[in-house]
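Chemist: Structure for the following, please:
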Amino acid sequence: MDDTRYPCPACGAPADLSAGCSGCRRAPDPTAAEVVRLSRQVAELEPEVERARRAYTELAGRLTAVSRRRAELAAVVRAGLAAPVVARPVSLVGPPPFIGPGSGVAAGSRPGAAETSTRTVQGLLFVLGGLLLGTAAVVFTAVAWAAVGVAGRALILAAFTALALGVPLLAVRRGLRGTAETFAAVGLLLVVLDGYAAWSVDLAGVAGWPGSRYAALVGGASAAVAVVYGRWSGLTGPWFAALLAVQPALPLLAAEAGWGAAGWAMVLLGVALLNLAVLAALRGREGVAQFVGRVLAGVAQGTALLGAAGCAAVP
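Modeler: Below is the predicted model:
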């Protein structure tokens, strides 16, 4: 098509870029000729744009339908994995579906997972809350202890301890075992802080006792509480707390006796025998926690035996 011809903008007669208007003899107008050329291009492009718009609308609708169907099937798969297995699964013809990134099914929903993704977020918040609670209890006991009376101190620490030891029981029922372990550790720490609080206010005259004897009694009582709490709650952390808390009990009791090297050798031998009993109790039990317990008890036993041998060699 000739792009040099155009209608004259003044009179409407045919015109071209070489001779101008054939009616009013107006000089050639390149701008008018460009407007005519662009108008033809617009007329050609409009149908193509309409076809592209219809294709986009169709593809967007198909994408929405496919995405909705994928989300529905992923929800069915997650629900099936979360439900308890009551019968053998029916074998399906074809390869198993891919469950992972990009499939719409959360990888954390596999069978045997301790917590789903939502519970993981809840567990993280509970852990942070437990750490803040323990920090607040330590700061209160060390800094703000003298700001309240004896009754207020006892009430606040008792409330903190009861709360920290009560939350794990609820968390275990909800399946948040990691959160329960964290709060149980905080609660057992508060039991030790309760012992310090009783010493600082001279509860029942304990401030007049030798410090080593009182510390040994606090450690032994904390270990006993940890054992009872571990059996009651079914958690693993309290057993480790009991193992650690009971280690210095015998040496602290013997600190004020003024025994010589031979007496200390017997005391350390008693600590070694205590750890040997723990190793015997954990024998034949499988699991990461049992392995860590055996390692800790073995290290404590070896250290106590080395100390006992050193004390025995002194005379």
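Chemist: how about the nearest residue to L165, chain neighbours excluded?
Modeler: Nearest residue to L165, sequence neighbours excluded (Cβ to Cβ, 6 or more residues apart in numbering): G187, at 3.8 Å. For every residue, glycine as well, the C-beta is placed using N, CA and C.
Chemist: any idea of the mean pLDDT in the host helix or strand of that neighbour?
Modeler: Take DSSP states H and E as the rule and G187 turns out to sit in helix 177-200. The average pLDDT for helix 177-200 rounds to 84.
Chemist: What number of residues are in the vicinity of the residue nearest to L165?
Modeler: 29 (other Cβ atoms under 10 Å).
Chemist: cool, A241 as well?
Modeler: For A241, the neighbour count with other Cβ under 10 Å is 24.
Chemist: what residues does stretch 25-44 touch?
Modeler: Stretch 25-44 is contacted by residues 1, 3-11, 15-21 when judged by Cβ atoms under 8 Å, 6 or more residues apart in numbering.
Chemist: Among these, name the buried ones.
Modeler: Buried members of the contacts of stretch 25-44, scored by 16 or more other Cβ atoms under 10 Å, are 6-8, 15-16, 21.
Chemist: would a markdown table of those residues with pLDDT be doable?
Modeler: A markdown table is the format used below for those (pLDDT from 0 to 100):
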| residue | pLDDT |
| --- | --- |
| Y6 | 86 |
| P7 | 90 |
| C8 | 90 |
| A15 | 90 |
| D16 | 88 |
| C21 | 90 |
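Chemist: name the helices or strands packed onto the helix or strand that contains L273?
Modeler: Element membership for L273 (DSSP H and E) is helix 261-282. Applying 3 or more Cβ pairs under 8 Å, 6 or more residues apart in numbering; DSSP states H and E, we find helix 261-282 packed against helix 249-255, helix 288-313.
Chemist: that older thread, distance of the residue nearest to L165 from A215?
Modeler: Distance, G187 to A215, by Cβ to Cβ, to the nearest Å: 20 Å.
Chemist: ok, back up a step: determine which stretch of the helices and strands packed on helix 261-282 is the most buried.
Modeler: helix 249-255 (a mean of 19; mean count of other Cβ atoms under 10 Å).
Chemist: Show me what that one is packed up against.
Modeler: In terms of contacts (3+ Cβ pairs under 8 Å, 6+ apart), helix 249-255 is packed against helix 211-233, helix 261-282.
Chemist: Let me have these in a markdown table, adding mean neighbour count and mean pLDDT as columns.
Modeler: Output for the helices and strands packed on helix 249-255, formatted as a markdown table (neighbours: other Cβ atoms under 10 Å; pLDDT from 0 to 100):
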| stretch | mean neighbour count | mean pLDDT |
| --- | --- | --- |
| helix 211-233 | 18 | 90 |
| helix 261-282 | 17 | 90 |
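Chemist: Dump those helices to JSON lines, plus distance to A241.
Modeler: Formatted as JSON lines, the helices and strands packed on helix 249-255 follow (distance: least, Cβ to Cβ, whole Å):
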{"stretch": "helix 211-233", "distance to A241": "4"}
{"stretch": "helix 261-282", "distance to A241": "13"}
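Chemist: before we move on, the earlier item: can you give the contact residues for the helix holding L273?
Modeler: Under Cβ under 8 Å, 6+ apart, the answer for helix 261-282 is 243, 246-247, 250-251, 254, 257, 259, 290, 293-294, 297-298, 300-301, 304-305, 307-309, 311-312, 314-315.
Chemist: that older thread, what's the helix holding G187 packed up against?
Modeler: With 3+ Cβ pairs under 8 Å, 6+ apart as the test, helix 177-200 has helix 117-142, helix 150-173, helix 211-233, helix 237-246 packed against it.
Chemist: tell me the angle the helix holding L273 makes with helix 288-313.
Modeler: Computed by axes from the mean of the first three to the mean of the last three Cα atoms, to 10 degrees, the angle separating helix 261-282 from helix 288-313 equals 160 degrees.
Chemist: ok now helix 261-282, how far from the chain's centre?
Modeler: 38 Å (Cα atoms, centre = their mean, to the nearest Å).
Chemist: Over to stretch 50-70?
Modeler: Using Cα atoms, centre = their mean, the offset of stretch 50-70 from its chain centre is 39 Å.
Chemist: With only the CA atoms kept, save it in CSV.
Modeler: Extracted in CSV, the C-alpha atoms of stretch 50-70 (Å, rounded to 0.1, in the frame of the first residue of the first chain):
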residue,chain,number,x,y,z
GLU,A,50,-7.9,-9.1,20.8
ARG,A,51,-6.8,-12.7,19.9
ALA,A,52,-4.0,-12.4,22.4
ARG,A,53,-6.3,-11.2,25.1
ARG,A,54,-8.7,-14.1,24.6
ALA,A,55,-5.8,-16.6,24.7
TYR,A,56,-4.5,-15.0,27.9
THR,A,57,-7.9,-15.2,29.5
GLU,A,58,-8.3,-18.8,28.6
LEU,A,59,-4.9,-19.8,29.9
ALA,A,60,-5.4,-17.8,33.1
GLY,A,61,-8.7,-19.7,33.7
ARG,A,62,-7.0,-23.0,33.1
LEU,A,63,-4.2,-22.1,35.5
THR,A,64,-6.6,-21.2,38.2
ALA,A,65,-8.6,-24.4,37.8
VAL,A,66,-5.4,-26.6,37.8
SER,A,67,-4.0,-24.7,40.9
ARG,A,68,-7.3,-25.2,42.8
ARG,A,69,-7.4,-28.9,41.9
ARG,A,70,-3.8,-29.4,43.0
